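[1] Provide a 3D model corresponding to the input given below.
(2 chains)
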Amino acid sequence: MKAVFIVVFIAIFLAGCQTTKPMYEYEDYAESFYSLKKEGGEETAVQWKTSLESIVEKSKAKAVRVPPGVYANLGYIHLKVNNNEGAITFFEQEKAIYPEATKFMDNLIKKAKAKG
Amino acid sequence: MNTLSKIKLLLISLVVLGVSGCVTPPTYVTKGEEFPSMYIEKPKSLLIMPPINLSTAAEAKDYYSTTVEMPIALHGYYTFPYQLTADVLKQQGVYDSELVYDIPLNKFYDYFGADAVLFTKIAKWDTAYTVLASTLTVSIDAEIKSTKTSEVLWEYNGTVVIDLSANGGGGGMAGLLINAIATAINTAAADYTTYAKVANGRFVGSIPYGPYHPLYLKDQQMKVIQQRQNEKPMEKVAEKASKEASE
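    Sure, this is the predicted structure:
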């Protein structure tokens, strides 16, 4: 009887561990976004881009979904420096993992194509 | 007294302490009862609007705006990239969310494809210094409105009082938590966003989970503090904005 309890307990414990896997790998998103808003300028913009790229890498390494908006934000960074093809690739990636973004991304892709 | 009854007594006194700490005991209802439209309409994507700042802290708007996206995404919703959408809104002439609060919201579906829009209002961001303690009061009001019907699907009004003097004492677990946070802040960089995150944690928790969360459509029985007895705080903002515009 005792053994059954122990087994059940361990099962519950392990199940608990599974759900503690984070949904997303956000890295230092909050901090770099805050500095971008607070300080602005070249340095924080670079930091922001690095942070977004690192989220993509970490998410891939840990096999979790890239958080909403990360690919789109990267696309926007490329769009601003007129790397329109690069921007379109990122907007397509956002759309591929989040169908909810389709309308918005299509609008941005249209804009990027018109520019390039 | 044996150990068991001692533990019981301790538990009871803890509960009493916790309850007495509240000024007006809140009414608890389930998420399903409180926000039925969320479970009927099932919005999947949320467009976060720039915060409406009614506080005297001018910089609160920019700082606060960076703290909303992450907890909402972790709650299971598709959140549109705020950095990008805020710029697009500006390009469309939407500098202040007050201006669009009262208009039909279907155009946010047409351009972004957003199922719903999240409005946040910083009602208070006040620091008070007294002899014994200094506190920061953060009041956040929030609403999720449908882009189909422009109806309010979910709402929240909440105030968090944070003890800025690390050794000050608040009762119960919340006091302990806030003390711990305050201590961390006093030793590290004092940042507004840390406080905003405390306030956000409460409001985001009362939103029904979104489609990317494992508890999506499974949290109808979860208890939240009743919100609907309050008059709609956001409407006052819209009134104020339209009054200002006509002046």
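
[2] tell me, how many neighbours does the closest residue to A:Asn84 other than its chain neighbours end up with?
    Nearest non-adjacent residue to A:Asn84, counting by Cβ to Cβ, 6 or more residues apart in numbering or on different chains: A:Gly116, 3.4 Å away. Yep, even glycine has a C-beta here, placed from its N, CA and C like the rest. The number of residues packed near A:Gly116 is 12, by other Cβ atoms under 10 Å in any protein chain shown.

[3] Repeat that for A:Ser51.
    21.

[4] Tell me which helix or strand it sits in.
    helix A:41-61 (DSSP states H and E).

[5] Is whichever helix or strand comes after that helix positioned near chain B?
    Of the helices and strands lying after helix A:41-61 in sequence (DSSP H and E), the nearest is helix A:70-80. Yes. Residues of helix A:70-80 contacting chain B under Cβ under 8 Å from any Cβ of the partner chain: A:Val70, A:Ala72, A:Asn73, A:Tyr76.

[6] give the contact list for the residue nearest the centre of chain A.
    In chain A, the centroid-proximal residue (Cα atoms, centre = their mean) is A:Pro67; its distance is 3.2 Å. Residues in contact with A:Pro67 (Cβ atoms under 8 Å, 6 or more residues apart in numbering or on different chains) are A:Tyr24, A:Glu25, A:Tyr26, A:Tyr29, A:Ile55, A:Ser59, B:Met70, B:Ala73.

[7] Quick check: which helices or strands does the helix or strand containing B:Ala86 pack against?
    Element membership for B:Ala86, per DSSP H and E: helix B:82-91. Applying 3 or more Cβ pairs under 8 Å, 6 or more residues apart in numbering or on different chains; DSSP states H and E, one finds that helix B:82-91 contacts helix A:70-80, strand B:45-48.

[8] Kindly report the residues of chain A close to chain B.
    Residues of chain A lying near chain B (Cβ under 8 Å from any Cβ): A:19, A:23-24, A:26, A:29-30, A:33-34, A:36-38, A:65, A:67-70, A:72-73, A:76, A:98, A:100-104, A:107.

[9] Just the buried ones from those?
    If you count burial by 16 or more other Cβ atoms under 10 Å in any protein chain shown, the buried members of the residues of chain A next to chain B come out as A:24, A:26, A:29-30, A:33-34, A:36-37, A:67-70, A:72-73, A:76, A:98, A:100-101, A:103-104, A:107.

[10] quick one, phi/psi of the residue nearest to the centre of chain A?
    phi -60, psi 150 (degrees, to the nearest 10).

[11] Give the burial count for B:Pro71, as a bare number.
    18.

[12] Residues touching the host helix or strand of B:Thr194, excluding its own?
    Element membership for B:Thr194 (DSSP H and E) is helix B:192-205. The contact list for helix B:192-205, computed with Cβ under 8 Å, 6+ apart, reads A:30, A:34, B:59-60, B:63-64, B:66-68, B:71-72, B:75, B:136, B:138, B:140, B:142, B:156, B:158, B:160, B:162, B:178, B:181, B:184-185, B:224.

[13] could you measure the residue lying closest to A:Glu53 once chain neighbours are set aside against B:Ser139, distance?
    Computed as Cβ to Cβ, 6+ apart, the closest residue to A:Glu53 that is not its neighbour in sequence is A:Leu74, at 7.1 Å. Going from A:Leu74 to B:Ser139 by Cβ to Cβ, to the nearest Å gives 35 Å.

[14] more neighbours, these two?
    Set A:Leu74 next to B:Ser139 and count neighbours by other Cβ under 10 Å: A:Leu74 wins out with 25 against 19.

[15] Many thanks, we can stop here.
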